[in-house]
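Engineer: model this:
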Amino acid sequence: LLSDQQQITWRRLSVFSGGFTLAAAERVAAASPLTPADIAPLLGDLVDQSMVVFDPTFDRYRLIEALREVARERLQQAGEERAIIAAHRAWMLDLARDVDARWFSSEQAAAVDELAAESGNLRAALEACEADGAFADGLRLANAGCWYWLTRASLDEGIRWYRRLLGHSDNLALEAHANGRAGYLATIRLDFKQAHEFLDAALDLAARADDAVDRWYATAVRWLLLLYEEPSRAVEAQQRLREALADSTGNWMSRQWAVIGYGLASLAVGDLEECRRACLEGIEIGRDTGEVWGRELGLRFLGEAEWRAGRHEAAEAALLECVRLDRQLRDVWHMGWATEALGWVAADTGRLERAARLLGIAAGVWTRTGLSMGYPYRAWHDRTLAALRSRLSPRRLEAELAAGRALSWDDAVAFALSEAEPSPAPAWTPQPLSDRELEVVALVADGLTNRAIAERLFLSPRTVAKHVEHVMDKLDVGSRAEIASWHARRGS
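Structural biologist: Sure, this is the predicted structure:
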């Protein structure tokens, strides 16, 4: 049986979702009659009685889910739910402010790690804010959650939360700031309708709040949106972003994003040297501040520009450095883009299986994050995929793509950086060939054309072409020479 103090602690811990640290429990559960000093020994008692689970690897506690539901009912019955939810929200708001303050600094990765560990608590706090009508607090949480959604989760999740929370508070500056961040998420999600709605609201609210920084930021994102939505106006987008850079209003983070966005616009119009210059400037801002995310962005566009210029070695170097930073931040979003571009480089330099597996890694990221490729990336992707289809058999291509999609985060990073030998694609056993197909194989090995084989076997050239296609599929080969090689190994 639990003591009174143990029961109080246990039911109060039910507000946590996804686990908690000792420090969090001391903040949230230590209301009268408990003090922060009481929490550690009480948690130890609850662990000993199997009411709470402790994970020493991550130094975190959690309630077993079935027991958590019972504890939450007890919290309601005790009349403490509102007060403990408020304490949980206050703790999450402090974490959110801390993460937001540390984002554009050398502590960026550590800050996102902390927020990612509390992703379940972030969602619980957002739900509570919405339910209680605490929309301003909800937007403050979302503005910090933006960094988690952008790097490790789903853009769609972030956009949904902004949709649910925006437009309900009377804090014009906060609403302007939140609409600007939501507009950026929707822009890179290629959700043009919502991006326009968010950015229009951000500009209007920033003007009403006399907030020059958020007005500047929303304007710069709007020109990035123009680039994605109307590729024919890429030159205009480049010019507008150049003009934004001439305005000294933005803070360092906004200016870094704008100069790298200008680099992307320059890349889209084929001004590769201007793209290179802008990206290097943005990367340098990142190095000076110690942040990681903007450097990833600059290195990615720099690598793509070098690839477009045919400088494959320089392109690969920039993209591999991007992947190293992806690992540091555990940035799924950038990892997808970097492996996609590395696939283009590998295809152009004859490393076909590697290229296909890298595209498979990227495809897995698109599925997880809800991203899709817009201008000019879709055309570059399709070009590379067409080249691979022309040089790899359909089975080999699909096997490598599937192997890439199936890789874990750590294995995908290691593969991209060539830190480990790639595991073979899933084992494949050749399908048996029919007697007619074996006849066709023997004649292909003799060097006969389809027309000559047709005459020999009294078939139409079209039927022979179908037989050759089926043989290639069954043997997982991509050329007549490989059919002949298989025939020779078979000993016929």
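Engineer: For whichever strand or helix holds Ala125, which helices and strands make contact with it?
Structural biologist: Remark: Ala125 resides in helix 119-132, with elements defined by DSSP states H and E. When contacts are defined as 3 or more CB pairs under 8 Å, 6 or more residues apart in numbering; DSSP states H and E, helix 119-132 sits against helix 81-102, helix 135-151, helix 155-165. Heads up, the C-betas are built off the backbone N, CA and C, glycines and all.
Engineer: mind listing what's buried in that helix?
Structural biologist: Across helix 119-132, burial judged by 16 or more other CB atoms under 10 Å covers 119, 121-126, 128-129.
Engineer: Let me see the mean pLDDT of that helix.
Structural biologist: In this model, helix 119-132 has an average pLDDT of 96.
Engineer: what comes into contact with it?
Structural biologist: Helix 119-132 is contacted by residues 15-20, 24, 85, 88-89, 92-93, 115, 134-135, 137-138, 141-142, 145, 148, 153, 161, 164-165 when judged by CB atoms under 8 Å, 6 or more residues apart in numbering.
Engineer: between that helix and helix 81-102, how many degrees?
Structural biologist: Between helix 119-132 and helix 81-102, the angle comes out at 120 degrees (axes from the mean of the first three to the mean of the last three CA atoms, to 10 degrees).
Engineer: Excluding chain neighbours, give the residue nearest to Ser460 in space.
Structural biologist: The shortest distance from Ser460 to any residue that is not its chain neighbour, by CB to CB, 6 or more residues apart in numbering, is 5.9 Å, and that residue is Ala454.
Engineer: check contacts around the one you found.
Structural biologist: Applying CB under 8 Å, 6+ apart as the definition, the contact partners of Ala454 turn out to be 460-461, 463-464.
Engineer: ok so, going back, please state the offset of the helix holding Ala125 from the chain centre?
Structural biologist: Relative to its chain's centre, helix 119-132 lies at 22 Å (CA atoms, centre = their mean, to the nearest Å).
Engineer: Return that helix as PDB; C-alpha atoms alone will do.
Structural biologist: Once non-C-alpha atoms are left out, helix 119-132 reads as follows in PDB (Å, rounded to 0.1, in the frame of the first residue of the first chain):
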ATOM      1  CA  SER A 119       8.000  16.100 -27.000                       C
ATOM      2  CA  GLY A 120       5.200  14.200 -25.300                       C
ATOM      3  CA  ASN A 121       5.000  16.800 -22.600                       C
ATOM      4  CA  LEU A 122       5.100  19.500 -25.200                       C
ATOM      5  CA  ARG A 123       2.000  18.000 -26.900                       C
ATOM      6  CA  ALA A 124       0.300  17.600 -23.500                       C
ATOM      7  CA  ALA A 125       0.900  21.200 -22.600                       C
ATOM      8  CA  LEU A 126      -0.300  22.400 -26.000                       C
ATOM      9  CA  GLU A 127      -3.500  20.400 -25.600                       C
ATOM     10  CA  ALA A 128      -4.100  21.800 -22.100                       C
ATOM     11  CA  CYS A 129      -3.500  25.400 -23.400                       C
ATOM     12  CA  GLU A 130      -6.100  24.900 -26.100                       C
ATOM     13  CA  ALA A 131      -8.600  23.300 -23.700                       C
ATOM     14  CA  ASP A 132      -8.200  26.000 -21.100                       C
END
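Engineer: I figured His470 hits Glu437, correct?
Structural biologist: Yes - in this structure, His470 sits in contact with Glu437. The criterion is CB atoms under 8 Å, and the distance is 6.5 Å.
Engineer: Could I get the pLDDT score of Gly491?
Structural biologist: With respect to pLDDT, Gly491 has a value of 59.
Engineer: Show me the shaky parts of the chain.
Structural biologist: Of all residues in the chain, those with pLDDT under 70 make up the ranges 370, 421-432, 473, 476-478, 489-492.
Engineer: can you tell me which residue is nearest the centre of it?
Structural biologist: Among the residues of the chain, the one closest to the centroid is Trp333, at 2.3 Å (CA atoms, centre = their mean).
Engineer: so which strand or helix has that residue?
Structural biologist: With DSSP H and E as the criterion, the answer for Trp333 is helix 332-348.
Engineer: How far off centre is that helix?
Structural biologist: Distance, stretch centre to chain centre, for helix 332-348: 13 Å (CA atoms, centre = their mean).
Engineer: Just the angle for it relative to helix 135-151, thanks.
Structural biologist: Between the direction of helix 332-348 and that of helix 135-151, the angle (the same axes, to 10 degrees) works out to 20 degrees.
Engineer: need the next SSE after helix 332-348, C-terminal direction.
Structural biologist: Proceeding N to C from helix 332-348, the next assigned helix or strand is helix 352-369, under DSSP H and E.
Engineer: now that following helix, how far from the centre of its chain.
Structural biologist: Averaging C-alpha positions (CA atoms, centre = their mean) puts helix 352-369 12 Å from its chain's average.
Engineer: by contact count, what packs against that helix?
Structural biologist: Counting contacts by 3+ CB pairs under 8 Å, 6+ apart, the secondary-structure elements packed against helix 352-369 are helix 332-348, helix 377-391, helix 394-406, helix 409-416.
Engineer: Outside of the shortest one itself, list whatever touches it.
Structural biologist: Around helix 409-416, the neighbours that count as contacts under CB under 8 Å, 6+ apart are 320, 323, 326-327, 330, 332, 335, 338-339, 342, 357-358, 361, 364, 404, 407, 419-420, 422.
Engineer: Give me the buried entries from these.
Structural biologist: Buried subset of the contacts of helix 409-416 (neighbour count, 16+ other CB under 10 Å): 320, 323, 326-327, 330, 332, 335, 338-339, 342, 357-358, 361, 364, 404, 407, 422.
Engineer: Identify the residues contacting Leu385.
Structural biologist: Here Leu385 is in contact with Leu359 (criterion: CB under 8 Å, 6+ apart).
Engineer: try Leu46
Structural biologist: Counting by CB under 8 Å, 6+ apart, Leu46 makes contact with 2, 6, 9-10, 13, 52.
Engineer: can we see that at 10 Å?
Structural biologist: If a contact means CB atoms under 10 Å, 6 or more residues apart in numbering, then Leu46 has 2, 6-7, 9-10, 13, 52-54, 61, 63 as its contacts.
Engineer: now whatever helix or strand it lives in, how far from the centre of its chain.
Structural biologist: In the assignment (DSSP H and E), Leu46 maps to helix 36-48. Its chain's average C-alpha position is 38 Å from that of helix 36-48, according to CA atoms, centre = their mean.
Engineer: tell me which residues in that helix are buried?
Structural biologist: Of the residues in helix 36-48, those scored as buried under the neighbour-count criterion (16+ other CB under 10 Å) are 38-39, 42-43, 45-46.
Engineer: what element comes up after that helix heading to the C-terminus?
Structural biologist: Taking DSSP H and E, what comes next after helix 36-48 is strand 52-55.
Engineer: Give the buried residues for that following strand.
Structural biologist: Using 16+ other CB under 10 Å as the burial criterion, the residues of strand 52-55 that qualify are 52, 54.
Engineer: neighbouring contacts of that strand?
Structural biologist: With CB under 10 Å, 6+ apart as the test, strand 52-55 has contacts from 6, 9-10, 13, 19-20, 22, 25, 42-48, 60-64, 67-68, 71.
Engineer: List the strands paired with it, with their directions.
Structural biologist: If you go by DSSP bridges, strand 52-55 pairs up with strand 60-63 (antiparallel).
Engineer: Touching the strand it pairs with from outside, list them.
Structural biologist: Contact with strand 60-63 is made by 10-11, 13-14, 16-22, 24-25, 43, 46-47, 51-55, 68-72, 117-118, 120, as judged by CB under 10 Å, 6+ apart.
Engineer: From the residues you listed, list just the buried residues.
Structural biologist: Neighbour counting by 16+ other CB under 10 Å classes 10-11, 13-14, 16-17, 19-21, 24-25, 43, 46, 51-52, 54, 68, 71-72, 117-118 among the contacts of strand 60-63 as buried.
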